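Give me a 3D structure for the following:
(one chain, ligands or ions: 1)
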Amino acid sequence: MDNTGDPSAVRPGALRPETLCVHAGLEADPVTGAIAPNISTSVNNVLIPGEGAFSADGVADLADLPFLYARWTNPTVRQLEKRMAALEGTEEALASATGLAAIAGVFFTFLKAGDHLVVSDVCYAGAAELARRILPDYGIEVTAVNMARIEDVEAAIRPNTRLVHLESPCNPIVRLTDIAAVAALAHRRGALVSVDSTFATPAGSQPARLGADLVIHSLTKFINGHGDALGGAVCGSKELVAKVRSRAGVYLGATLSAQNAWLIMRGIDTLHARMRMISDTAMKLSTFLEGHEAVDRVIYPGLSSHPQRDLVEAQMTLPGGMIAFRLKGDMQDAARRMAGRLKVVHYAFSLGHQRSIVVYLDTQEMMDSTFHLEGRQLEDYRAFAGDGIFRLSVGLEAAEDLMADLDQALVMPG
Ligand SMILES: Cc1ncc(COP(=O)(O)O)c(C=O)c1O
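Numbers count the residues shown, from 1 in each chain. Take a look at the predicted model:
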């Protein structure tokens, strides 16, 4: 892991990620000279003779057109798209209304009836349910595999496999996938690879540099980082993002609003600073939890006890803000106790805000509602999650206050 700002980790001539967070995609307003991005609220724009809709040449990407109609993109959203592309080191990006719209956009662009998707057997519940419950209704075949077992990915790929979709680290068990290995394998067999990098953020991992064709984010989480705007993004080559924009961007109609794009850009300004602090705090918290008498197991990429420590070293630049932990004793009871007793940490769903959030996810309930794993896949899940895990999203509070709050909530009634 390089979180030291080592210049050799940066391509020659390229700006460092911290600088890109503050500058990428931003241009002073050509009319007023304003430095901060404006919020452009107009739904449509006048047509300029000789350009765009008036020009005869075939335009490959709607993003190359002058601004016409805000469902394709808009000047504020476009600045966010440029920043996301710069942060992920890709040519292009598309912003969408939510992270799930970005995932659905990729699925409905690159998969049609008769195609096959290989999807991580553990990923964000909405993505897992979309893949396994909804896509088959459209004639798309889906196989769920534990992507940490490369031989299972190899065995799952068929001649009609068009896409391999994974999360690293994955929600909720914080298990990694070797992105470079999956990408090399999928490319040999003619499939694209999309990686949902929401848990890692661009500060923690850049999947396109490891061979992923498409990098997906829920901007709602750490990238916006303030729990006050929904958003999503798909980053990739000009050609692939153009396809997503012209199919999903236009026909799913899940366009990001200019107001949310502006808020998310405000979040990105501090993404690096926040993720460094959050990673430091998460390191302290996970170490504290690992030594706590009520705690059975902690899974955090920064800990030497993470089962995939070598992979963390190889593909993550910061360990991030997501911790999974299990308790000794009855965790349902403990969850109720924590919900009642926590004063600093919120007991709630979602993640990636400035305020820490924890929630209990019971393994049997996750299996019944979403993952439906059996045999070795279930054993692999349980090796991380046991009967259930607390998913802790670390915020910007002082580590000492978070530890004290968790401590008083974890103590068993006497
Ligand atoms: C890893 C991951 N991807 C995607 C999403 C969906 O994001 P959104 O809520 O912005 O649609 C989530 C939401 O929790 C997530 O955790």
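
what number of residues lie near whatever residue of the stretch 1-150 of the chain ends up closest to the ligand?
Of all residues in the stretch 1-150 of the chain, G99 sits closest to the ligand, at 2.6 Å by CB to the nearest ligand atom. Yep, even glycine has a C-beta here, placed from its N, CA and C like the rest. By other CB atoms under 10 Å, 25 other residues sit near G99.

Kindly report the same for E141.
16.

what's the answer for M367, then?
15.

Who are the contact partners of it?
Residues near M367 by CB atoms under 8 Å, 6 or more residues apart in numbering: L373, L378, Y381.

Could I get the phi/psi values of the first one?
Read that as L373. Dihedral pair for L373: phi -90, psi 150, per degrees, to the nearest 10.

if I read this right, it contacts Y381, doesn't it?
Yes: L373 is in contact with Y381 according to CB atoms under 8 Å; the separation is 5.5 Å.

Tell me what the residue in the stretch 151-300 of the chain that the ligand sits nearest to is bridged to.
The ligand sits closest to S218 of the stretch 151-300 of the chain, with a gap of 3.1 Å, by CB to the nearest ligand atom. Applying DSSP bridges to S218 gives these bridge partners: G232.

on that earlier part again, out of the contacts of M367, which is most surrounded?
Neighbour-wise, the contacts of M367 (other CB under 10 Å) top out at Y381, 22 neighbours.

pretty sure that residue is touching A128, no?
No: contact criterion CB under 8 Å: Y381 and A128 do not qualify, at 11.9 Å.

Give me the common contacts of these two.
Counting by CB under 8 Å, 6+ apart, the shared contacts of Y381 and A128 are V122, F371.

circling back to that earlier point, run through the residues that contact the residue of the stretch 1-150 of the chain closest to the ligand.
Y124, D196, T198, I216, H217, S218, L219, T220, K221, L230, G231, G232.

List the residues that contact the third one.
In other words, T198. G99, Y124, E167, N171, I216, H217, S218, K221, F222, G352.

Now do V174 against I48, distance only.
50 Å (CB to CB, to the nearest Å).

what does L373 give?
55 Å.

Repeat that for Q206.
Where I48 is concerned, Q206 sits at a distance of 36 Å (CB to CB).

between the two, which one's more packed in?
Neighbour comparison, Q206 and I48: the larger count goes to Q206, with 24 against 11 (by other CB under 10 Å).

R391 reaches D362, doesn't it?
No: using CB under 8 Å, R391 is not in contact with D362, being 11.5 Å away.

Between these two, point out the one with more neighbours.
A count of neighbours by other CB under 10 Å puts R391 above the other of R391 and D362, at 21 against 16.

quick one: secondary structure of that one?
Following DSSP: H, G, I helix; E, B strand; the rest coil, the label given to R391 is strand.

contacting residues for it?
Applying CB under 8 Å, 6+ apart, the residues near R391 are N171, P172, M322, I323, A324, L351, V358, V359, Y360, L361.

rerun at 6 Å
P172, A324, V359, L361 (CB atoms under 6 Å, 6 or more residues apart in numbering).

who's in contact with the first one?
It refers to P172. L361, R391.

Over to the second one?
A324 makes contact with I173, V174, I299, I389, R391 under the criterion CB under 6 Å, 6+ apart.

and it, bridged to which residues?
The partner residues for A324, given DSSP bridges, come to I299, R391.

ok, now how distant is it from the ligand?
For A324, the distance to the ligand equals 13 Å [CB to the nearest ligand atom, to the nearest Å].

Please renumber the chain so that the first residue is 31 from this point on.
Shifting the count to begin at 31 puts that one at A354.

mind checking how far that residue is from E111?
With CB to CB as the criterion, A354 and E111 are 32 Å apart.

What score does the one residue sitting closest to the centre of the chain have for pLDDT?
Closest to where the C-alpha atoms of the chain average out (CA atoms, centre = their mean) is T228, at 1.4 Å. In this prediction, T228 carries a pLDDT score of 98.

Check whether it sits in a helix, strand or coil.
Quick answer, by three-state DSSP: T228 is coil.

Burial check on D417, number of neighbours?
D417, neighbours per other CB under 10 Å, totals 14.

ok now the helix or strand of the chain with the lowest mean pLDDT, how far from the chain's centre?
The weakest-scoring helix or strand in the chain, judged by mean pLDDT, DSSP states H and E, is helix 280-281 (a mean of 88). With CA atoms, centre = their mean, to the nearest Å as the basis, helix 280-281 stands 23 Å off its chain's centre.
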